[in-house]
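>>> Provided below are the primary sequence and the corresponding predicted coordinates.
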Amino acid sequence: MPRRPRRSATTVAVLALGLAVAALTGCSSADDITDRAVAEEPTSSASTGASGPSGSAPIVFAFTCAVGDGPETETYTTAAAVWEDGRTSCTAAPITGTEPSEQQRSALAATEGDATLEQLAAACAVSGTAPWTGAVTSRSQAHLAAGLERYCPGHPEIDRLRDALDTYRG
């Protein structure tokens, strides 16, 4: 595997700043898409070094996403960066925080137990795939859609999800 160049102190500082911004904003705004900092560029999963959650609320996630059909992955610090790259298969792992925010608690309540916070975060990060592109056809899908509607209202496909949820609810 080719070695990645070492990041400069400035790049590391910008990445840290981006993580701090992500912790404060989460997925709650459509402005996240247009106001991204350089810190949101993907880093290799080997260079992340995250060892687990620390600190206090809100819980912030990193996203590890498949690249193509092979074993290669990229790790992102914001959902907006994942949206920009059009990833369709991601997992989420908490990197900071120990308590869900009010928005995260509301989203979890909307799922009625049909999704975890990690599942909501991972689903929020992807685009171009279910649950964002498909019909809502079951109660558990409706719960997930309701949770996502609260968890990441700034998602680029939120209107499509809301339409599918409205159609299901009749």
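Right, received. Where do you want to start?
>>> how about Ser127, what does it touch?
Val82, Trp83, Gly86, Arg87, Thr88, His155, Pro156, Glu157 (CB atoms under 8 Å, 6 or more residues apart in numbering). (Glycine included, C-beta is placed from N, CA and C.)
>>> Apart from its neighbours in sequence, what residue is nearest it?
Among residues not flanking Ser127 along the chain, Trp83 sits closest, at 5.1 Å (CB to CB, 6 or more residues apart in numbering).
>>> burial count for Gly170?
Neighbours of Gly170 under the rule other CB atoms under 10 Å: 4.
>>> Which pLDDT value goes with it?
Per-residue confidence (pLDDT) for Gly170: 93.
>>> Asp114 versus that one, what's the distance?
Distance, Gly170 to Asp114, using CB to CB, to the nearest Å: 20 Å.
>>> just to revisit the earlier point, generate a PyMOL selection restricted to the buried subset of the contacts of Ser127.
The buried residues among those can be selected in PyMOL (16 or more other CB atoms under 10 Å) with this line:
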select buried, resi 82+83+87+155+156+157
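>>> Filter the contacts of Ser127 down to just the ones in strands.
Of the contacts of Ser127, none are assigned to strands by DSSP state E.
>>> Please report how far the closest residue to Ala122 other than its chain neighbours lies from Gly134.
Once flanking residues are discounted, Ala122 sits nearest to Ala92: 4.1 Å by CB to CB, 6+ apart. From Ala92 across to Gly134, the span is 20 Å (CB to CB).
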